[in-house]
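>>> Sequence plus the predicted model coming up.
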Amino acid sequence: MRVARLRVLGFRNLREQEVELGPSVSLLWGPNGAGKTNLLEALFVGLAGGSCRTNTAREAIAFDEPLARVEVDVSADREERSFLWSLARGGERRHLLDGTPMGPELARERPALAVFLPDRLGLVKGPPSARRQHLDRLVAALWPGRSDARRRYGRALGQRNALLGRVRAGLAPSDSLDAWDAELASVGCELVEARRDAIKVLAPEFTAAAGDLGLRDPASLRYAPRSDAASPEELALELAERRPGDVERGFTGHGPHLDEIHLELDGRSVRRYGSQGEQRTALLALLFAERRALLEVRRMPPLMLLDDVMSELDPGRRELLAARLAEGDGQTVITATETDHVPATPARLEIAVRDGAAVHQLASDGEAAPSTTAFAA
């Protein structure tokens, strides 16, 4: 599946426009503030239905516009499909695929996404919850049939926590928690198994990608579940044993919602001891590992969205990264302030961005590519 074109209207500082993307690497280049990152975000929003930069969706609506609208056309098996996302100032939101509202079933038909933004270093440096959420999204991309485990676990956890409050207040007996302990344990073991399977595929690819990108120390990816329970019955027993403490606190203090995923260099935590450069490279290695994993499991590379990824890399690592981008059959959109910041790759499409618009496109062979155009809302 490839992204063919992007159309935007009223999205941040972007002008109304249509942008054609290349089949391999599309380089958005231009000065800071021109709108390169906003174009990346628009691609993500159109496909995923939410922002990769903020939790406040209304920030995406341009100051003088009544709504923001993004359309992304993709092609797969010689068939073209269209994603549409829009948000009005009044709060009305739409996310459609070929005119049909997106739901869990249709969500499985969108391309997988791998995103690097400078502020996404929180995935490496931030709390464990960010890494858990990221891993669970990868599980959903690798095995769509297992995508519901996280939602069901969250529902069971919320119900158990609510009941803990009632038990603490004397409004419910302690044994009323038995049913939710069993449910939480059952879905929890399902979630842990899916995470283990994902790490099993991802870990060797992470080590290889980190080495290719120039990290000298051996890199490793390690899953550390809170519980070693081998069955739902064992996990339910652990929850029952910890029930008095949970009642006193008013929340569940044990289970997969407290698991950790460690990124390490020679056994040392990248989060705690890695330099800024090592943390950036580790994040890139994780994204490229996901790309390889998706190719291996689903024969479907993700769309890679890489913002300002070269700015803090030395020339050697830039070359290594460019070589990775040229591998396989994937599609990448990358931003830079100058074209020479990104080493050349075959079939690269260069798109100049100025004042919120993609104003010129040039293929890497020097031939002019299709120009950008406005579209009617």
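Arrived safely, thanks for sending.

>>> Distance check, Val8 against Val45.
Between Val8 and Val45 the distance is 9 Å, computed by C-beta to C-beta, to the nearest Å. Any C-beta I mention is one placed from the backbone N, CA and C, and that applies to glycine too.

>>> Show me which of the two is the more surrounded one.
Between Val8 and Val45, counting by other C-beta atoms under 10 Å, Val8 is the more crowded of the two (31 against 26).

>>> residue ranges with poor pLDDT in the stretch 201-350 of the chain?
Low-confidence segments of the stretch 201-350 of the chain, defined by pLDDT under 70: 328.

>>> tell me the average confidence for stretch 142-153?
Averaging pLDDT along stretch 142-153 yields 90.

>>> so what sits against both of Val8 and Val45?
Listed contacts common to Val8 and Val45 are Val70; contacts here mean C-beta atoms under 8 Å, 6 or more residues apart in numbering.

>>> Just the buried positions in stretch 177-192, please.
Buried residues in stretch 177-192, counted by 16 or more other C-beta atoms under 10 Å: 177, 180-192.

>>> so how far is it off the chain centroid?
In this view, stretch 177-192 has its centroid 27 Å away from the chain centroid, taken as C-alpha atoms, centre = their mean, to the nearest Å.

>>> hmm, who's touching that stretch?
By C-beta under 8 Å, 6+ apart, stretch 177-192 touches 136, 146, 149-150, 152-153, 156-157, 159-160, 163-164, 167, 225, 227, 229, 231-236, 239-240, 243, 252, 255-256, 259.

>>> Those residues, buried ones only, as a ChimeraX selection?
Restricted to buried positions by 16+ other C-beta under 10 Å, the ChimeraX selection for these reads:
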select :136,146,149,150,152,153,156,157,160,163,164,167,225,227,229,232,235,236,239,240,243,252,255,256,259
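
>>> Quick check: phi and psi at the closest residue to Ser82 other than its chain neighbours.
Among residues not flanking Ser82 along the chain, Asp73 sits closest, at 5.2 Å (C-beta to C-beta, 6 or more residues apart in numbering). Backbone torsions of Asp73, given as degrees, to the nearest 10, read phi -100, psi 130.

>>> how deep is Asp73 tucked in, by neighbour count?
Asp73: 19 neighbours (other C-beta under 10 Å).

>>> can you pull out the helices in the stretch 251-377 of the chain?
270-273, 276-298, 315-326 (DSSP state H, counting those that start in this stretch).

>>> Which among those is found nearest to Pro104?
helix 276-298 (17.2 Å; C-beta to C-beta).

>>> That closest one packs against which elements?
When contacts are defined as 3 or more C-beta pairs under 8 Å, 6 or more residues apart in numbering; DSSP states H and E, helix 276-298 packs onto strand 113-116, helix 122-125, helix 128-142, helix 178-212, strand 219-224, strand 260-265, helix 270-273, helix 315-326.

>>> Pull the CA coordinates from that helix and hand them back as PDB.
Extracted as PDB, the C-alpha positions of helix 276-298 are listed here (Å, rounded to 0.1, in the frame of the first residue of the first chain):
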ATOM      1  CA  GLN A 276      21.000  12.600  23.300                       C
ATOM      2  CA  GLY A 277      22.500  11.200  20.200                       C
ATOM      3  CA  GLU A 278      22.300   7.700  21.400                       C
ATOM      4  CA  GLN A 279      18.600   8.200  22.400                       C
ATOM      5  CA  ARG A 280      17.800   9.600  18.900                       C
ATOM      6  CA  THR A 281      19.600   6.700  17.200                       C
ATOM      7  CA  ALA A 282      17.800   4.100  19.500                       C
ATOM      8  CA  LEU A 283      14.500   5.600  18.500                       C
ATOM      9  CA  LEU A 284      15.400   5.400  14.800                       C
ATOM     10  CA  ALA A 285      16.600   1.800  15.300                       C
ATOM     11  CA  LEU A 286      13.200   0.900  16.900                       C
ATOM     12  CA  LEU A 287      11.300   2.400  14.000                       C
ATOM     13  CA  PHE A 288      13.500   0.500  11.400                       C
ATOM     14  CA  ALA A 289      13.100  -2.700  13.500                       C
ATOM     15  CA  GLU A 290       9.300  -2.200  13.300                       C
ATOM     16  CA  ARG A 291       9.600  -1.800   9.500                       C
ATOM     17  CA  ARG A 292      11.500  -5.100   9.200                       C
ATOM     18  CA  ALA A 293       9.100  -6.800  11.500                       C
ATOM     19  CA  LEU A 294       6.000  -5.700   9.500                       C
ATOM     20  CA  LEU A 295       7.700  -6.800   6.300                       C
ATOM     21  CA  GLU A 296       8.500 -10.200   7.900                       C
ATOM     22  CA  VAL A 297       5.100 -10.800   9.400                       C
ATOM     23  CA  ARG A 298       2.700  -9.100   7.100                       C
END
